[in-house]
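[1] here is my input; please provide its structure:
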Amino acid sequence: MPANGESLTSQPAALPSLQARQGLALPPWLKRPIGKASELSTVQKIIKQRQIHTICEEGRCPNRAECYAQGTATFLLMGPTCTRSCGFCQVDKGHAPMPLDPDEPKKVAESVRLLGLRYVVLTSVARDDLPDKGANWFVQTMVAIRAVNPETEIEVLTPDFWGGQNAREEQRQRVEAVVKAGPACFNHNIETVRRLQGPVRRGAKYERSLTVLRDVKACNSAVPTKSGLMLGHGETEAELIETMQDLRQAGCDRITLGQYMRPSLEHLPVQKYWTPEEFDSLGAIARELGFSHVRSGPLVRSSYHAGEEA
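    Presented below is the predicted three-dimensional model:
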């Protein structure tokens, strides 16, 4: 019974779901339980107390209940506001980002210690407003984590670090700086196939992303590289295979394939919900192409169970 004493049947009818309004019903395999508040509170409390951010919350990840219940999170560095405006992403954008919090690396390190994480993923918004596009912030955060958690392995999921007078050379130097900090895995998502880069990834480029992965291997071939694709923007299987081949040629070792789920009516509509069987088939193709670690499924995301790959 609701607190106001009204019966459930007297409540106003629920508004149609986002999927119903966009004309594409959410299939049953994409429905996840919300999770128990008691299981989520520990991570949420640690994050809120330190005024830091996770992509789990900012990106409305469908797996956040599962990950929080297991005491894990993917930290979002450099604030919650992105300088780009990708058509798929829930992260806030469209106005000036806040100045960097000088204590953020320390706060993230403390959170990693309190959660007892043996494997942590660091990602960030794009910060095209910063002179180094945020590359050194990744390095500083990795140093801070190791100062108090020397055994913790750190995966980075970075933007492309593009921009500046000598954009290509500066990009290479920024990638190299992060690689030299010793990540357990360097992840940079290509997100979608070549044909759909424009509407999906505003401000990013297909070849530019491949170059990031090549630069990692050129700096240190022993560092595993990883990339991810979101399915459902209108791509074909042939285009997905071509993209996976391009990633392999760029030296990419690991791949994630997951379903795009529209965050709001302001974002790109879903063109297709790929079935679990289709994801299984694509995962098998990825393994045949030589990826050493493959996660392919409707609810797979870039950092989902990332520590199990180490």
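[2] quote the end-to-end distance of stretch 286-298.
    16 Å (C-alpha to C-alpha, to the nearest Å).
[3] apologies, that question was intended for stretch 118-132.
    Note: stretch 118-132 ends 29 Å apart using C-alpha to C-alpha.
[4] so how far is that stretch from its chain's centroid?
    11 Å (C-alpha atoms, centre = their mean, to the nearest Å).
[5] and that stretch, what's its mean pLDDT?
    Averaging pLDDT along stretch 118-132 yields 92.
[6] same deal with stretch 181-191?
    For stretch 181-191, the per-residue pLDDT averages 97.
[7] so Arg254 touches Ser292, yeah?
    Yes: assessed by C-beta atoms under 8 Å, Arg254 is found in contact with Ser292 at 6.2 Å. Where C-beta positions appear, they are placed from N, C-alpha and C, glycine not excepted.
[8] give me the common contacts of these two.
    Residues touching both Arg254 and Ser292 (C-beta atoms under 8 Å, 6 or more residues apart in numbering) are Pro224.
[9] these two: who's more crowded?
    Neighbour count, other C-beta atoms under 10 Å: between Arg254 and Ser292, Arg254 has more, with 22 against 12.
[10] for the more buried one, list each beta-bridge partner.
    Arg254 has these beta-bridge partners by DSSP bridges: Lys226, His293.
[11] how far away is Asn166 from Gln197?
    23 Å (C-beta to C-beta, to the nearest Å).
[12] tell me which of those two has more neighbours.
    Neighbour tally, Asn166 and Gln197, criterion other C-beta under 10 Å: the higher count belongs to Gln197, 18 against 9.
[13] next structured bit after the strand or helix carrying Val178?
    For Val178, the host element (DSSP states H and E) is helix 167-180. Where DSSP H and E defines the elements, the next helix or strand beyond helix 167-180 is strand 185-187.
[14] show me what that next one is in contact with.
    121, 155-158, 178-179, 213, 216, 223-228, 254, 302-303, 306, 309-310.
[15] who does it pair up with?
    Within its sheet, strand 185-187 is paired with strand 153-157 (parallel), strand 225-231 (parallel), according to DSSP bridges.
[16] the helices in the stretch 1-150 of the chain, which residues?
    18-21, 37-50, 55-58, 64-69, 104-115, 135-148 (DSSP state H, counting those that start in this stretch).
[17] tell me the confidence at Glu39?
    So Glu39 comes in at 54 (pLDDT).
[18] so Pro159 sits against Trp137, correct?
    No: between Pro159 and Trp137 there is no contact, the gap being 11.1 Å when judged by C-beta under 8 Å.
[19] list of residues touching stretch 138-155?
    By C-beta under 8 Å, 6+ apart, stretch 138-155 touches 75, 77, 104-106, 108-110, 112-113, 117-122, 124, 156, 158, 177-178, 181-187, 226, 303, 306-307, 310.
[20] give the buried residues for it.
    138-142, 144-146, 149, 152-155 (16 or more other C-beta atoms under 10 Å).
[21] farthest pair within those?
    Gln140 and Glu153 (17.7 Å; C-beta to C-beta).
[22] any buried residues in the helix holding Val178, and which?
    Applying 16+ other C-beta under 10 Å to helix 167-180 flags 170-179 as buried.
[23] now Leu231: closest residue in space, sequence neighbours ignored.
    Trp274 (4.8 Å; C-beta to C-beta, 6 or more residues apart in numbering).
[24] OK, contacts around the one you found?
    Contacts of Trp274 (C-beta under 8 Å, 6+ apart): 231-232, 259, 282, 298.
[25] again, but for Gly234
    Contacts for Gly234 (C-beta under 8 Å, 6+ apart) come out as 196, 271-272.
[26] gap between it and Thr192?
    On the measure of C-beta to C-beta, Gly234 and Thr192 end up 9 Å apart.
[27] equivalent analysis for Pro28, please.
    25 Å.
[28] between those two, which one's more packed in?
    Thr192 (29 against 6).
[29] pLDDT score for the spatially closest residue to the more buried one that is not a sequence neighbour?
    Closest residue to Thr192 apart from its sequence neighbours, by C-beta to C-beta, 6+ apart: Val200 at 4.6 Å. Turning to Val200, the model gives it a pLDDT of 90.
[30] perfect, I'm done here.
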